[in-house]
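Trainee: my questions are about this predicted structure, shown below with the sequence.
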Amino acid sequence: PPPAGGAEPGLYHERQRLELCAVHALNNVLQRPCFTQEAADDICKRLAPDARLNPHRSVLGTGNYDVNVIMAALQSLGLAAVWWDKRRSLERLALGQIVGFILNVPSHVSLGFVALPLRRKHWLAVRQLGGTYYNLDSKLRAPARIGGEAELRAFLRDFLAQGLCEVFLVVPRAVEEAGAWLSPE
């Protein structure tokens with residue numbers, strides 16, 4: 001049986017540090033420590049080599065990377081991030097073709113114990129292991145069990161209903177090129 005909290009033994013889960021949620025989401029969806037802040041910063045430099053203020057990350061140098069960094073990081077491993085069109089039914093996800101999901105969700109900003117009236121974007125990963133899907137959000141103390149395919153679709157539906165959420169499917173490049181992540185209607 002899974003340990004308390006519903007997490008699977010052997011599940012890789014990085015916790016939040018600075019504004020590095022994009023790096024944590026990448027590593028959590030890949031289930032290994034592939035990317036560092038330095039690697040993400042190098043991608044930013046490649047994406048905007050002549051920019052004094054890089055548009056793909058925080059000016060403070062604390063992370064807060066955009067989707068272009070995530071896409072370039074995945075491409076370097078032969079993977080792709082496919083944007084999910086919210087107008088489609090989640091029933092059309094070809095889950096067997098999808099490595100995992102990276103979500104971009106609104107997140108409240110706090111200073112110590114004080115919640116500020118600001119909303120930033122936060123990246124989180126969802127991945128299946130042993131037939132069970134897990135929320136691998138780096139802000140969680142441990143991975144949170146979502147459940148099977150029906151529970152995953154409900155989980156994604158709940159996030160998409162929040163409005164300002166984007167869902168990206170992480171798939172092998174061949175699956176992206178063939179459009180095999182989408183089941184026929």
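Mentor: Received, thanks. Numbering: from 1, shown residues only.
Trainee: residue contacts, Gln75?
Mentor: For Gln75, the contacting residues are Arg173, taking CB atoms under 8 Å, 6 or more residues apart in numbering as the criterion. For every residue, glycine as well, the C-beta is placed using N, CA and C.
Trainee: could I get the phi/psi values of the residue nearest to the spatial centre of the chain?
Mentor: Ranked by distance to the mean C-alpha position of the chain (CA atoms, centre = their mean), the top residue is Ile102 at 2.3 Å. The phi/psi pair for Ile102 (degrees, to the nearest 10) reads phi -120, psi 120.
Trainee: and the nearest residue to it once chain neighbours are set aside, bridged to which residues?
Mentor: For Ile102, ignoring the flanking residues on the chain, the nearest one in space by CB to CB, 6 or more residues apart in numbering is Phe168 at 4.6 Å. Under the criterion DSSP bridges, Phe168 forms beta bridges with Trp83, Ile102.
Trainee: wait, Phe168 touches Ala80, no?
Mentor: No: no contact is recorded between Phe168 and Ala80 when judged using CB atoms under 8 Å, the distance being 9.2 Å.
Trainee: any weak-confidence spans in this protein?
Mentor: Scanning the chain for pLDDT under 70 picks out 1-9, 17-20, 38, 40, 43-44, 47-49, 51-65, 107-120.
Trainee: can you give me the helices for it?
Mentor: Using DSSP state H, the helices of the chain run over 21-30, 37-47, 67-75, 149-161, 173-178.
Trainee: could you look over the ones you listed and pick the most buried one?
Mentor: By mean neighbour count, with neighbours taken as mean count of other CB atoms under 10 Å, helix 21-30 ranks first of the helices of the chain at a mean of 26.
Trainee: tilt between it and helix 67-75?
Mentor: What separates the directions of helix 21-30 and helix 67-75 is an angle of 30 degrees, with axes from the mean of the first three to the mean of the last three CA atoms, to 10 degrees.
Trainee: how far off centre is helix 21-30?
Mentor: When distances are taken as CA atoms, centre = their mean, to the nearest Å, helix 21-30 is centred 6 Å away from the chain's centroid.
Trainee: ok, residues contacting it?
Mentor: 12-17, 33-37, 39-40, 63-66, 69-70, 73-74, 77, 99-102, 122-127, 136, 138-139, 170.
Trainee: of the residues you listed, select the buried ones using a PyMOL command.
Mentor: Per 16 or more other CB atoms under 10 Å, the buried members of the contacts of helix 21-30 correspond to this PyMOL selection:
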select buried, resi 12+13+14+35+37+40+63+64+65+66+69+70+73+74+99+100+101+102+122+123+124+125+126+127+136+138+170
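Trainee: could you tell me which of the contacts of helix 21-30 are located in strands?
Mentor: In strands, judged by DSSP state E, the following of the contacts of helix 21-30 are found: Gly100, Phe101, Ile102, His122, Trp123, Leu124, Ala125, Val126, Arg127, Val170.
Trainee: and which of those is nearest Trp84?
Mentor: Looking at the ones in strands among the contacts of helix 21-30 and their distance to Trp84, the nearest is Phe101, at 8.3 Å (CB to CB).
Trainee: alright, calling it a day.
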